[in-house]
Every structure is written in structure tokens, then in C-alpha cells.
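A predicted structure for the sequence below; I have some questions about it.
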Amino acid sequence: MIVEPFNHERVQFLDRLDIGGRSWLVDDVVSGLAEFMTERRRERIDQIIDGRTRNIATVVENIYDRGNVSAIMRSAEAFGFLDFHVVQQPGAEKFKAANRVSQGAHKWLNLCRHSSAKSCVEELHSLGVKVYATHLGASSQPIDDIDFSQPSAIVFGNEHAGVTDELLELCDGNVIIPMKGMTQSFNISVAGAISFYHINYWRRQQGLAGDLTEQEKQQLRASYYLRSVENSEKLLNR
């Protein structure tokens, strides 16, 4: 069963989910599956949802090793960053999370796939999101200097060539992680973890953390219940 938790455009959350070809009110999904979960599990899901934000998004572009993408997913999910964009050029192998590395993190993220850098950045810009590429260049700023109280996306390029020139031209700026050693960069999975930790810490210092609306929380709760309850579709249709 495949359930898309949110509409792809991310413009708004909807009050219904398409499950097995049938449209369900999110309130009915929550009430229908709650009895099949322990109170402890429901409380845990509520705690996680309270810490989620859509004001920080992740973008990965043309990354070869799916284990690296999965590691970045795991870090993004761990710090509560809900929206995760995968840019894949036409003809590239469709991304599939390496569950051994992601530890199932992909199940708890809003995954959006794009066939070009342009479509990804245009979508983010249309929503008022500033896009920053992790890139070592003359105009790059330390990540410490970025105001992450504003909706922002951080981009990670592939392991060999980094972020493409096309995407760099579309971004609002480039960021680096300040380093004191002889090496100039971290590997991509480490860079992701450090970046997310910094952004999360910065936002908490500003009193910012989870910021979903109640409607958004309820839709996310319905999606998480579907993923937590075995045979959830059959149980809803009983």
C-alpha cells in the first residue's frame, strides 16, 4: 500500500487521504486506527509531530550512493525536518531508500521527487523558501551566518561533482561548514548531520521548533497511524 501523506505541491494540507483508491477523511483514519495502537505509541507519535517543521527542507541532487541519501534522510528526520526533495535527472535509477541505513526514516518524511533542479527550486521559491547550496566557493557564507528563522532549504550535491552549476545559479546563496583542518570538506552524510544539528540548535535558541498547524498535525497523525498499524487498510474497511 502506498499512501502519499501530502499533496505534492506542498501548498496546503488536505483533509482527506487517498488509501487504496478510496478517499478517507483524516479524522476517520485517526479514530479508526487509534484502537489498534497502544497509548504509549499514540503519545510518542504526538510528541514527534509536535516537533516537526516544514520551514526547513532538504534537497539532494544526483547522489549516486543511495546509502548516502538514506543517511541524510535519517538525520533530517531525527531533527524534525519534514520535507525532503530528491532531484534525479531523467533516465537515472529511481531512488529507493536503503532501509539498513535510513532505519525507516523515509516512512516519516514528506518525499518529493523532481526531474530537474529548476522544477525543484521553482517550487520552493513559489512557497517563499530560500534555497542554499552546500558549496565551497568565493561567495560562500559560513552556515552560522544564515538566518534559519525564515523558510529555508539546504541542498547537497553528489559525492563527486557536488551541486550542479544549474542548481547553483538558481540558489539564493551558498553555505559552508567552517573547518580548521587541512581537509576542505566532510563526506556528504557527515555534512548533512552537522548542518541539521546546527540548524536545529540555531532554531531552538530562537525559540523555534515544531510549527505545524493543527490541521497539518492531524493529517500527519493519520499518515503515521497508517504506517504504524499492520494491515491498516483492511482494518479501516472492516
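Looks like it arrived, so ask away.

need the next SSE after the lowest-mean-pLDDT helix or strand in the chain, C-terminal direction.
Ranked by mean pLDDT, DSSP states H and E, the helix or strand of the chain with the weakest confidence is helix 99-102, at a mean of 45. Later in the chain than helix 99-102, the nearest helix or strand by DSSP states H and E is strand 110-114.

quick check, distance from that following strand to the centre of its chain.
When distances are taken as C-alpha atoms, centre = their mean, to the nearest Å, strand 110-114 is centred 8 Å away from the chain's centroid.

now the helices for the protein?
26-34, 39-50, 66-78, 99-102, 117-126, 165-170, 188-205, 214-228, 232-236 (DSSP state H).

tell me which strands and helices the fifth one is in contact with?
Secondary structure elements in contact with helix 117-126, counted by 3 or more C-beta pairs under 8 Å, 6 or more residues apart in numbering; DSSP states H and E, are strand 56-61, strand 83-87, strand 110-114, strand 130-134, helix 165-170. The C-beta positions use only the backbone N, C-alpha and C, and glycine is treated the same way.

To G21, which of the ones you listed lies closest?
G21 sits nearest to strand 110-114 of all the helices and strands packed on helix 117-126, at 20.7 Å, using C-beta to C-beta.

Output that closest one as CSV, nothing but the C-alphas.
In CSV, the C-alpha atoms belonging to strand 110-114 read as follows (Å, rounded to 0.1, in the frame of the first residue of the first chain):
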residue,chain,number,x,y,z
ASN,A,110,7.3,14.0,3.0
LEU,A,111,9.2,12.9,-0.1
CYS,A,112,9.0,14.9,-3.3
ARG,A,113,10.8,13.8,-6.5
HIS,A,114,11.8,16.2,-9.2
